[in-house]
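Enquirer: Just need the structure, nothing else, for what follows:
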Amino acid sequence: MNNRIFIIDDDKWFLKQITIVLKKHGFTISTAQSSSDAIESMQDSVPDLILLDVIMPDENGFQVCKKIKEVPKLENIPIIFVTATDDKKTITNCFEYGGADYVGKPLRNYELLARIETQLKLSKKNKIIESIQSENLLLKEHLLTGKLINKSAFSSIITVNAHMQSIFKYVEAIAQSSRPVLITGETGVGKEAFASIIHNLSLRPGKMVTINVAGLDDNLFSDTLFGHEKGAFTGAEKDRHGLIEKASKGTLFLDEIGDLKSLSQVKLLRLLQEQEYYQLGSDVRKFTDARIIVATNRDLKLMMEDGSFREDLYYRLRTHQIHIPPLKERKDDLPVLLDHFVKLSAKEIGKSSPAIPKNLIPLLEKYDFPGNIRELEALIFDAVSRTFSKTLSLEIFKDFVEHELGSIETDDNSKNTIELFSGSDFPTIKEMNDLLIDQALERTNGNQTLAAKLLGLTRQALNKRIKRSVD
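Expert: Numbering: from 1, shown residues only. Alright, predicted model coming up:
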């Protein structure tokens, strides 16, 4: 949304001329010729800046300024006085009555625009400072009380994990900030769900608009985000509003930000820094008040190092950063997730919830779920669909895990490994290493990534051991 400027002046000709000038530079203009009309109108739609004439017939600009400052919704709006006199007393009064600046008549357009830009930037910085102070107070409160204020806001995230609970507290503290949020985590951990929670807790009156930027070239990204004017390019038969405009007073969520092309990164950086943009085919500047949230499953730090992601954009985005841990790091959540998805799946299918076999959790704990919550949900839904007894089929899960990682024993009758070496030919450490590697590769059909997981190694470490074995 464009910056809103309210002009109070009794001269109709002046109002008309200055309105034309400011609209050409992308501002939204409202006007009034008296203080009573102005104050009533400004409370309905609070402006970002006020231009106020000093000399008016009924009451002067200083008296009007005092009235404006007495209205809570308007007290922090920067006021630039417009004066035809340059005597010292008048200029002093401009500041003593609470004005942010003054500009002389006859107006010089470049000077007026420069002063407006300066005050808007200062106002923006002040709002950021207020936001930081508010966040610090909330963080302090959370640290002292250890409690969530809006616990119900996180009802869509099923967890008992302590680290996840600490993330909830951080999210609650930063939700009402206007600054960007970077959400990182593997595929399927619930990044969009967290973006939605942040938006809901922000209390912003606008809606959350989502764009997946993966696969968008620069032109398509610009057209999708900023929109275009009729005739901007072949096929542009009418004006099109971009999604940034639809996110006005709300939240813009950019998913897969790690896939954003380099030229588009520059445009996003400008949007974050100046909160301004241009539609394709237009030279009229527009502004946005949408809060930006981005998410990625990629390592942006590594991308910065190889030059594929801009360093300045990264640090601008990570003002607030949330990293959602993968399911393999929060396996204490498996019982509650399993119970939740079994009930949810049964309800969707229209059948009674089957009981959960006691050996299922230990079996699932052996698998790291690279697809995270999304993969677990799909697996459980499939199992519930294929189960026709009162107890969830353990074999369905066992077949799945065995297919992914090789055969795994799920009962207590596995052989003691030491019994294998009770004879006289006791193996060496090297022979055991080679045997374990061979068995892991055999069980995973030669897949080194899965074999490394079975052995508790990184793939790089497994490769080194294989090379040493061959040498």
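
Enquirer: By residue count, tell me the biggest helix in the protein.
Expert: helix 109-145 (DSSP state H).

Enquirer: Residue 282: helix or strand, and which one exactly?
Expert: Per DSSP states H and E, residue 282 falls between elements, in no helix or strand.

Enquirer: Run a quick neighbour tally on it.
Expert: Residue 282: 16 surrounding residues under other Cβ atoms under 10 Å. (Each C-beta comes from the backbone N, C-alpha and C, glycine too.)

Enquirer: Look up the closest residue to it, ignoring the ones flanking it.
Expert: residue 229 (4.8 Å; Cβ to Cβ, 6 or more residues apart in numbering).

Enquirer: pLDDT wise, what is the one you found at?
Expert: The model reports residue 229 with a pLDDT of 88.

Enquirer: right, and it touches residue 279 too?
Expert: Yes - contact criterion Cβ atoms under 8 Å: residue 229 and residue 279 qualify, at 5.5 Å.

Enquirer: So for these two, which residue has more residues nearby?
Expert: A count of neighbours by other Cβ under 10 Å puts residue 279 above the other of residue 229 and residue 279, at 23 against 17.

Enquirer: Can you name the residues that contact the more buried one?
Expert: Residue 279 makes contacts with 226-229, 232, 242, 286, as judged by Cβ atoms under 8 Å, 6 or more residues apart in numbering.

Enquirer: From residue 363, how far out is the residue nearest to residue 282?
Expert: Look at residue 229 and residue 363: by Cβ to Cβ, to the nearest Å, they are 59 Å apart.

Enquirer: just checking, which of the contacts of residue 279 belong to helices?
Expert: residue 226.

Enquirer: ok, of the contacts of residue 279, which one's closest to residue 19?
Expert: Within the contacts of residue 279, distances to residue 19 taken as Cβ to Cβ reach their minimum at residue 286, with 17.3 Å.

Enquirer: Okay, and the beta partners of that closest one?
Expert: As for beta bridges, residue 286 partners with residue 277 under DSSP bridges.

Enquirer: Quick check, pLDDT for it.
Expert: Residue 286 is assigned 85 on the pLDDT scale.

Enquirer: I'd like to know how many residues surround it.
Expert: Other residues within reach of residue 286, judged by other Cβ under 10 Å, total 20.

Enquirer: check contacts around it.
Expert: Contacts for residue 286 (Cβ under 8 Å, 6+ apart) come out as 2, 26, 226, 245, 276-279.

Enquirer: try residue 134
Expert: Counting by Cβ under 8 Å, 6+ apart, residue 134 touches 176-177.

Enquirer: I'd like the average pLDDT over the helix or strand harbouring residue 302.
Expert: Element membership for residue 302, per DSSP H and E: helix 300-305. Averaging pLDDT along helix 300-305 gives 92.

Enquirer: residues of the helix or strand following it that come out buried?
Expert: Next helix or strand after helix 300-305 toward the C-terminus (DSSP H and E): helix 311-317. Residues of helix 311-317 classed as buried: 313-314, 316-317 (neighbour count, 16 or more other Cβ atoms under 10 Å).

Enquirer: same question, stretch 349-367
Expert: Buried residues in stretch 349-367, counting neighbours by 16+ other Cβ under 10 Å, are found at 354, 356, 360, 363-364, 367.

Enquirer: Quick check: the farthest pair among those residues?
Expert: Pairwise distances across the buried residues of stretch 349-367 peak at 20.3 Å for 354 and 367 (criterion: Cβ to Cβ).
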